[in-house]
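Trainee: sequence and computational prediction follow.
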Amino acid sequence: MDDTASLVKVEEFKGKPVLRIPLVEQPEPDVSWHWLSFGKNKAKAIVKHIEAIRKFAEE
């Protein structure tokens, strides 16, 4: 298992839950480009299209 998986966090932004996934090996909490952040609507879209995303990532 990837060490960064333990860094995935559910936080709050403007009163709504947001998932934060690290994009670099040693992310700094306050450096925005170290993180991919998205809410529930984007998470649902990602789940719906996960196979296309996997294929894209493998190219």
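Mentor: Ah, there it is. Numbering: from 1, shown residues only.
Trainee: please make it C-alpha for all contacts and neighbour counts, starting now.
Mentor: Fine.
Trainee: against which helices or strands is the longest strand anywhere in the chain packed?
Mentor: Taking residue count as the measure and DSSP state E as the definition, the longest strand of the chain comes out as strand 16-22. Packing partners of strand 16-22 (3 or more Cα pairs under 8 Å, 6 or more residues apart in numbering; DSSP states H and E): strand 9-13, strand 35-38.
Trainee: so for it, mean pLDDT?
Mentor: Averaging pLDDT along strand 16-22 yields 95.
Trainee: roughly how far does the residue nearest the centre of the chain sit from residue 7?
Mentor: Geometric centre of the chain, nearest residue: residue 21, 3.1 Å, by Cα atoms, centre = their mean. Distance of residue 21 to residue 7, computed by Cα to Cα, to the nearest Å: 7 Å.
Trainee: worst-scoring helix or strand of this protein, pLDDT-wise?
Mentor: In the chain, no helix or strand scores lower on mean pLDDT, DSSP states H and E than strand 9-13, which sits at a mean of 93.
Trainee: could you report the pLDDT at residue 1?
Mentor: For residue 1, the predicted pLDDT is 46.
Trainee: and the host helix or strand of residue 42, how far out from the chain middle?
Mentor: Using DSSP states H and E, the element containing residue 42 is helix 40-48. Distance of helix 40-48 from its chain centroid, counting by Cα atoms, centre = their mean, to the nearest Å, is 11 Å.
Trainee: identify the residues contacting it?
Mentor: Helix 40-48 has contacts (Cα atoms under 8 Å, 6 or more residues apart in numbering) with 17, 18, 53.
Trainee: of the residues you listed, which is the nearest to residue 32?
Mentor: For those, the closest approach to residue 32 (Cα to Cα) belongs to residue 18, at 13.4 Å.
Trainee: is it true that that closest one touches residue 8?
Mentor: No - in this structure residue 18 lies outside contact range of residue 8 using Cα atoms under 8 Å: 10.6 Å.
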